[in-house]
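S.K.: need a structure here:
(one chain, ligands or ions: 1)
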Amino acid sequence: MGLEEYKRKRRFEETPEPPPKVEKKIGHRFVVQKHRASHLHYDFRLEMEGVLKSWAVPKGPSLDPADKRLAMQVEDHPVSYFDFEGIIPEGNYGAGTVMVWDVGTWEPLSPQTVEGKYVPGTAAEASAMLKKGDLKIRLHGERLKGDFAMIHMKGRRPGSKGTEWLLIKKHDDSVVAGYDINEFDTSVLSGRTMVQIGGDEGSAEWESNRAAAKGKSKAPWLADTLAKLDKKKSGTKDSANRKPTISAKAGANGKSSATVSTTKKAALTGKSKKKA
Ligand code: MN
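M.R.: Prediction:
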């Protein structure tokens, strides 16, 4: 797909979203961004072929195999979009609040199972399966774990644009029957809720946290991302009035980023450092 469509839809002088750029180094991270635009949805993105292959999932992913989630394929996004969290200004494409709901790495699974179980495959197999419309992946996220299938619904519905896929959890140890996505309403990067990211909450609480924000981040692997988010938030306005930093919140509630596993840190940091 490339990034032409991404570029066409955006005015980069007006949106804080990153510019289009195809990466030469291929990584295997994934991100789920909760996006309150005209309709609330979750953007599911797989780093693949130097871009983020992207789907909008209205109900969000589920760890219950009984849930077959509609996933509308949208334009490829640049890899630098990976940790985008913030506000897309009104009047721009996708205007609204974006939260990083989950991050991690993914593995392609081979189309051939071994004794009924999925086994790791290659990047080439993943590309072929994506093209074929039957992609099997294994996710290692903070919230999403285990094997998933992505099935392209090849224009079965009249009037379909051919962008409809299903995202389905496969049976394995990470299944959660009756999974409720609403139980997880904070950013895995900053610990913030959608309201906090959107800046609708009283600034008093935030102001009181400012001192703590000056302290060291408890998750050094996130320093780049946090600094970037902080910079975006502060803008050109008087810094005394600016919204509180991410690290303050993460420190205040004592969870969020601190719960990220060590292996994941290594995997994610390596990649995000390069583009910084
Ligand atoms: Mn979206």
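S.K.: can you tell me the SS state at Val175?
M.R.: What DSSP: H, G, I helix; E, B strand; the rest coil gives for Val175 is coil.
S.K.: neighbours of the residue in the stretch 101-250 of the chain positioned nearest to the ion, just the number please.
M.R.: Nearest residue of the stretch 101-250 of the chain to the ion, counting by C-beta to the ion: Trp101, 11.5 Å away. To be clear about C-beta, it is placed using only N, CA and C from the backbone, and glycine gets the same treatment. Neighbour count for Trp101, taken as other C-beta atoms under 10 Å: 28.
S.K.: now the strands: where do they sit in the chain?
M.R.: 29-36, 40-48, 51-57, 68-77, 86-88, 96-108, 134-141, 145-152, 164-169 (DSSP state E).
S.K.: how about the residues of the stretch 51-200 of the chain by the ion?
M.R.: The stretch 51-200 of the chain has no residues near the ion, with proximity defined as C-beta under 5 Å from the ion.
S.K.: low-scoring stretches of this structure, by residue?
M.R.: Where the chain drops to pLDDT under 70, the residues are 1, 25-26, 155-157, 200-276.
S.K.: how much space between the closest residue to the ion within it and Asp76?
M.R.: The nearest approach of the chain to the ion comes at His35, 3.7 Å away (C-beta to the ion). Applying C-beta to C-beta, to the nearest Å, the value for His35 to Asp76 is 16 Å.
S.K.: between these two, which one's more packed in?
M.R.: Under the criterion of other C-beta under 10 Å, the comparison of His35 against Asp76 puts Asp76 first, with 23 against 19.
S.K.: ok, Glu17 - contacts?
M.R.: Residues in contact with Glu17 (C-beta atoms under 8 Å, 6 or more residues apart in numbering) are 10, 81, 84, 88.
S.K.: could you dump those to JSON lines with neighbour count?
M.R.: As requested, those are exported to JSON lines (neighbours: other C-beta atoms under 10 Å):
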{"residue": "Arg10", "neighbour count": "19"}
{"residue": "Tyr81", "neighbour count": "23"}
{"residue": "Phe84", "neighbour count": "22"}
{"residue": "Ile88", "neighbour count": "21"}
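S.K.: nearest to Glu164 among those residues?
M.R.: Glu164 lies nearest to Tyr81 out of these, by C-beta to C-beta, at 22.4 Å.
S.K.: which residues does the closest one contact?
M.R.: With C-beta under 8 Å, 6+ apart, Tyr81 has these contacts: 17-18, 45, 52.
S.K.: of all the residues you listed, which comes closest to Tyr93?
M.R.: The closest of these to Tyr93 turns out to be Glu17 (C-beta to C-beta; 8.8 Å).
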